[in-house]
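>>> Have a look at this prediction, sequence included:
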Amino acid sequence: MHRAVSLIAATAVLALLAAAPALAKGALPTRTFVKITHTDIVDVGATGDSLGDMNVFAFRVFDRAGGRRIGGGHGYCVRTEVGVANDCVANSSLPGGRIILQWEEFDLQRVAHAAITGGTGRYRNMRGEMRLTTLSPTEVATGGGS
């Protein structure tokens, strides 16, 4: 199984940079960070890295400016090409609704672009993309990243 390559499952923190300039009415931040709180690896088929293996995860969402928790969510990545790529989906709960994301990630990739495929509540008409950037523990501690 690919225990150390998944952008989501192998990293404790991601930075989410919303491409949509206005998330809705109100002062929701467009720069947030996500801390992975739980991950499980589901090894299906042949032992080790194989098609269909999954990383299932839960996370919390924080306002990057003040570090205040503003939401949470969960998702999964499915191995689609051994040693190369996964397809991922995440559902994020934020003030006033939910945002659903989908993306393809490649092994050892630092930046991915997720499509915003929909939402509920104040995000029901949301479309666009988010940039997902993996941050090292040092970058997290110093507020680094793009």
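Okay, I see it.
>>> in the protein, what residue sits furthest out from the centroid?
Residue farthest from the centre of the chain, counting by CA atoms, centre = their mean, is residue 46 at 26.9 Å.
>>> Give me the distance between that residue and residue 71.
37 Å (CB to CB, to the nearest Å). Any C-beta I mention is one placed from the backbone N, CA and C, and that applies to glycine too.
>>> just residue 39 next, same as before
18 Å.
>>> for the chain, what spans make up the helices?
137-142 (DSSP state H).
>>> Start from the N-terminal end of it and give the strands.
13-18, 31-42, 54-63, 69-81, 85-94, 97-106, 111-119, 128-134 (DSSP state E).
>>> Who are the packing partners of the longest one?
When contacts are defined as 3 or more CB pairs under 8 Å, 6 or more residues apart in numbering; DSSP states H and E, strand 69-81 sits against strand 31-42, strand 54-63, strand 85-94, strand 97-106.
>>> residue ranges with poor pLDDT in this structure?
For the chain, the stretches with pLDDT under 70 are 1-30, 137, 139-146.
>>> Settle this for me: residue 130 is touching residue 101, isn't it.
Yes - look at residue 130 against residue 101 with CB atoms under 8 Å: they come within range, at 6.3 Å.
>>> any residues in contact with both of those two?
Counting by CB atoms under 8 Å, 6 or more residues apart in numbering, the residues touching both residue 130 and residue 101 are 114, 116.
>>> Make JSON lines out of the helices and strands packed on strand 69-81 and add distance to residue 134.
Output for the helices and strands packed on strand 69-81, formatted as JSON lines (distance: least, CB to CB, whole Å):
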{"stretch": "strand 31-42", "distance to residue 134": "11"}
{"stretch": "strand 54-63", "distance to residue 134": "13"}
{"stretch": "strand 85-94", "distance to residue 134": "13"}
{"stretch": "strand 97-106", "distance to residue 134": "10"}
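>>> would you list the ones you listed in a markdown table and tack on distance to residue 136 and mean neighbour count?
What follows is those, written out as a markdown table (distance: least, CB to CB, whole Å; neighbours: other CB atoms under 10 Å):
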| stretch | distance to residue 136 | mean neighbour count |
| --- | --- | --- |
| strand 31-42 | 13 | 16 |
| strand 54-63 | 17 | 19 |
| strand 85-94 | 20 | 20 |
| strand 97-106 | 17 | 19 |
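>>> Fine, thanks again, bye for now.
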